[in-house]
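[1] following is a predicted model, sequence given first.
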Amino acid sequence: TQLLEQSPQFLSIQEGENLTVYCNSSSVFSSLQWYRQEPGEGPVLLVTVVTGGEVKKLKRLTFQFGDARKDSSLHITAAQPGDTGLYLCGGSNYKLTFGKGTLLTVNP
Amino acid sequence: KAGVTQTPRYLIKTRGQQVTLSCSPISGHRSVSWYQQTPGQGLQFLFEYFSETQRNKGNFPGRFSGRQFSNSRSEMNVSTLELGDSALYLCASSLTGQEYEQYFGPGTRLTVT
């Protein structure tokens, strides 16, 4: 059974702070995706990482895929209230697996 | 290009009833997957359809079923509803060969009383 563990489960910070959330597994994935889900909506795809050690930036968001392709991190610089949401990671090899997410709240 | 649409957005049913949810994928996407999302279990895979055939199936009882039509639109049905079936049901579509990138609809919030 492939499992993706996300940490922390909950995170509440003030506007302007930096944060990092993690997605870990004992399984190797051929690619890993990050999604953000806002209340009452479906998850929205943010990024796909494919190569071990790969780093991708999306404005204030930085995504990194671990060298062994078993883990990933998402770093947000100078968080804003609009970053509030549930951040999900999803891994794929022969099937898709999702973590339970990190619920981020950015307070003004 | 229009996103994934799901109908209805909200639904309240009684235990024992059945329900049918509908999903229209992004134009050109032939793969449609269904997920159940609950606070305790997170996002759980129900099944995936491609070219009107079920290609993958998750670990859900036979009360959960689905189908896909020739225009790639999909429906899922839940029979004999239980209280535990209350959840957000999400449909996602993807491009052929890029099924690892799921494009989700807004979901149907099902409440079973």
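    Looks like it came in fine.

[2] use CA for all of it now, contacts and neighbours both
    OK.

[3] helix, strand or coil for the residue positioned nearest the centre of chain B?
    In chain B, the residue lying closest to the centroid (C-alpha atoms, centre = their mean) is B:Trp34, at 3.1 Å. Here B:Trp34 is strand, with the state taken from DSSP: H, G, I helix; E, B strand; the rest coil.

[4] which ones are touching it?
    Contact analysis of B:Trp34 by C-alpha atoms under 8 Å, 6 or more residues apart in numbering or on different chains lists B:45-48, B:76, B:89-92.

[5] in what helix or strand does A:Gln64 lie?
    strand A:61-65 (DSSP states H and E).

[6] CA atoms only: put that strand into CSV for me.
    What follows is strand A:61-65, C-alpha atoms only, in CSV (Å, rounded to 0.1, in the frame of the first residue of the first chain):
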residue,chain,number,x,y,z
LEU,A,61,5.6,29.1,-3.9
THR,A,62,8.6,26.9,-4.2
PHE,A,63,8.2,23.1,-4.8
GLN,A,64,11.0,20.6,-4.4
PHE,A,65,11.0,16.9,-5.2
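
[7] phi and psi next, for A:Asp83.
    phi -80, psi -10 (degrees, to the nearest 10).

[8] I'd say it and A:Asn107 touch.
    No - when contacts are counted by C-alpha atoms under 8 Å, A:Asp83 is not listed as touching A:Asn107 (9.9 Å).

[9] of these two, which one has the most company?
    Each of A:Asp83 and A:Asn107 has its neighbours counted (other C-alpha atoms under 10 Å in any protein chain shown); A:Asp83 has more, 19 against 15.

[10] grab the nearest non-local neighbour of the more buried one.
    A:Val106 (6.8 Å; C-alpha to C-alpha, 6 or more residues apart in numbering or on different chains).

[11] burial measure for the one you found, as a count.
    What A:Val106 shows, counting by other C-alpha under 10 Å, is a neighbour count of 18.

[12] show me what from chain B comes close to chain A.
    Residues of chain B found near chain A (C-alpha under 8 Å from any C-alpha of the partner chain) are B:41-44, B:90, B:100-107.

[13] tabulate those residues (CSV), appending neighbour count and secondary structure.
    CSV is the format used below for the residues of chain B next to chain A (neighbours: other C-alpha atoms under 10 Å in any protein chain shown; DSSP: H, G, I helix; E, B strand; the rest coil):
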residue, neighbour count, secondary structure
B:Gln41, 10, coil
B:Gly42, 15, strand
B:Leu43, 22, strand
B:Gln44, 21, strand
B:Leu90, 28, strand
B:Tyr100, 22, coil
B:Glu101, 24, coil
B:Gln102, 22, coil
B:Tyr103, 23, strand
B:Phe104, 28, strand
B:Gly105, 24, coil
B:Pro106, 24, coil
B:Gly107, 30, coil
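
[14] having no further points to raise, I will conclude here.
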